[in-house]
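Chemist: heads up, no residue letters with this:
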């Protein structure tokens, strides 16, 4: 909308009305698909059926972490996307919670630095050939 207002194609009032209409239509007609995508494709909520409190606590951490990040980026004058912040923290939270549960079952130890945790959580884990037989 900024480009349309800047080039004087739309007035500020026209842009606000158009944005309001488009936001409403998007929320009414597409929100179900977005929620379904976040719940099933990113967080894999069905894997937390036996411990829903862990998922609830994780989602509270997502809200807190993304809120802090958006506030810090805004204060520093950085361009920030709230959608990217939420989806990124949801991915990290789900990967961390699922890997922590797997680590507890398999008795792995985690001794790497926290800056590598996203890479570690994103990488697939391979079992030794002896464990597969």
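Modeler: That came through fine. Since we're looking at a predicted model, the values are computed, not measured.
Chemist: okay, now the domains of the chain?
Modeler: 1-42, 50-125 (automatic domain parsing).
Chemist: In TSV: the ones you listed, plus mean neighbour count and mean pLDDT.
Modeler: For the C-beta atoms, the positions are set from N, CA and C on the backbone; glycine is no exception. Shown next, in TSV, are the domains of the chain (neighbours: other CB atoms under 10 Å; pLDDT from 0 to 100):
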stretch	mean neighbour count	mean pLDDT
domain 1-42	11	86
domain 50-125	13	72
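Chemist: out of everything not next to it in sequence, what's closest to the residue nearest the centre of the chain?
Modeler: Nearest to the mean C-alpha position of the chain, by CA atoms, centre = their mean, lies residue 87 at 2.0 Å. Closest residue to residue 87 apart from its sequence neighbours, by CB to CB, 6 or more residues apart in numbering: residue 42 at 6.8 Å.
Chemist: who are the neighbours in contact with the one you found?
Modeler: For residue 42, the contact set (CB atoms under 8 Å, 6 or more residues apart in numbering) comprises 87, 90-91, 94.
Chemist: Done for today, thanks.
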